[in-house]
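**Q** With the sequence up front, the predicted model follows.
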Amino acid sequence: MNASNVWNADLYDDKLHYVSHFGKSIVGLLHPQKEERILDLGCGTGDLSYEISKSGALVTGMDSSDEMIARAREKYPSIPFFMGNGETFRTNEKYDAVFSNAALHWMKNAEKVVESIEQALLPDGRFVAEFGGKGNVQTVIWGITEVLGQEYGVDAAKRNPWYFPSIGGI
């Protein structure tokens, strides 16, 4: 199992709830409408899926972590949630919008993610997302890479779980 698929839902809800709190402003940019079909890509424990649903939109949440999906289903049983990999998922359902908050930087193959999103959207659909960009946590990455390399002989660059693109994608 890929390390990015292993999440502790208790810890996430207890210590990282600010991610959903700040993501509420991104839901505002989405401007969900009643009866619209919206896919929440990387939904975590479902808090922003629930926020979207309050508009009357028909939201579906997707995440690659079975523990996060199980928690989302417990918290919001009226919302459908399914497991899927953002890089490879395919759906017969077509969505008016795809929404993603703080998830895309965990998906290293951006081209495949874009293909999956494009396949899921209606021709006039929209995509609204927030994720880390180039330079995000760079000091932390350099520090970890240096210590693991010098002290333990570990090539941390190969283990980096994030993809933080620039505007040009490099």
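**A** It's in. Numbering: from 1, shown residues only.

**Q** who's in contact with whichever helix or strand Glu111 is part of?
**A** Glu111 is part of helix 110-120, with elements assigned from DSSP states H and E. With C-beta atoms under 8 Å, 6 or more residues apart in numbering as the test, helix 110-120 has contacts from 39, 41, 86-91, 93-95, 98, 104, 107, 127, 163, 165, 169. No exception for glycine: its C-beta is placed from N, CA and C like everyone else's.

**Q** Determine the angle, from 0 to 180 degrees, between the helix or strand following that helix and helix 110-120.
**A** Using DSSP H and E, the next helix or strand after helix 110-120 towards the C-terminus is strand 121-130. Put simply, strand 121-130 runs at 130 degrees to helix 110-120, going by axes from the mean of the first three to the mean of the last three C-alpha atoms, to 10 degrees.

**Q** What segments of the protein are strands?
**A** 37-41, 58-63, 81-83, 95-101, 121-130 (DSSP state E).

**Q** can I get those strands in a markdown table with mean neighbour count?
**A** Converted to a markdown table, those look like this (neighbours: other C-beta atoms under 10 Å):
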| stretch | mean neighbour count |
| --- | --- |
| strand 37-41 | 26 |
| strand 58-63 | 25 |
| strand 81-83 | 18 |
| strand 95-101 | 24 |
| strand 121-130 | 14 |
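
**Q** What residues sit buried inside the helix holding Glu111?
**A** For helix 110-120, a neighbour-count test (16 or more other C-beta atoms under 10 Å) marks Val113, Ser116, Ile117, Ala120 as buried.

**Q** Tabulate the strands of the chain (TSV), appending distance to Tyr50.
**A** Below are the strands of the chain laid out as TSV (distance: least, C-beta to C-beta, whole Å):
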stretch	distance to Tyr50
strand 37-41	9
strand 58-63	8
strand 81-83	11
strand 95-101	12
strand 121-130	17
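
**Q** right, and those strands - which one's nearest Trp7?
**A** Closest approach to Trp7 among those (C-beta to C-beta): strand 58-63, 8.3 Å.

**Q** who does that closest one touch, helix- and strand-wise?
**A** strand 37-41, helix 47-53, helix 66-75, strand 81-83 (3 or more C-beta pairs under 8 Å, 6 or more residues apart in numbering; DSSP states H and E).

**Q** mind checking which of those is nearest Thr60?
**A** strand 37-41 (5.5 Å).

**Q** Can you give the contact residues for the closest one?
**A** Contacts of strand 37-41 (C-beta under 8 Å, 6+ apart): 30, 32, 46, 48-49, 52, 57-62, 86, 91, 93-100, 103-104, 117, 120, 129.

**Q** Just checking: what are the partner strands of that strand?
**A** Next to strand 37-41 in the sheet, as set by DSSP bridges, lie strand 58-63 (parallel), strand 95-101 (parallel).
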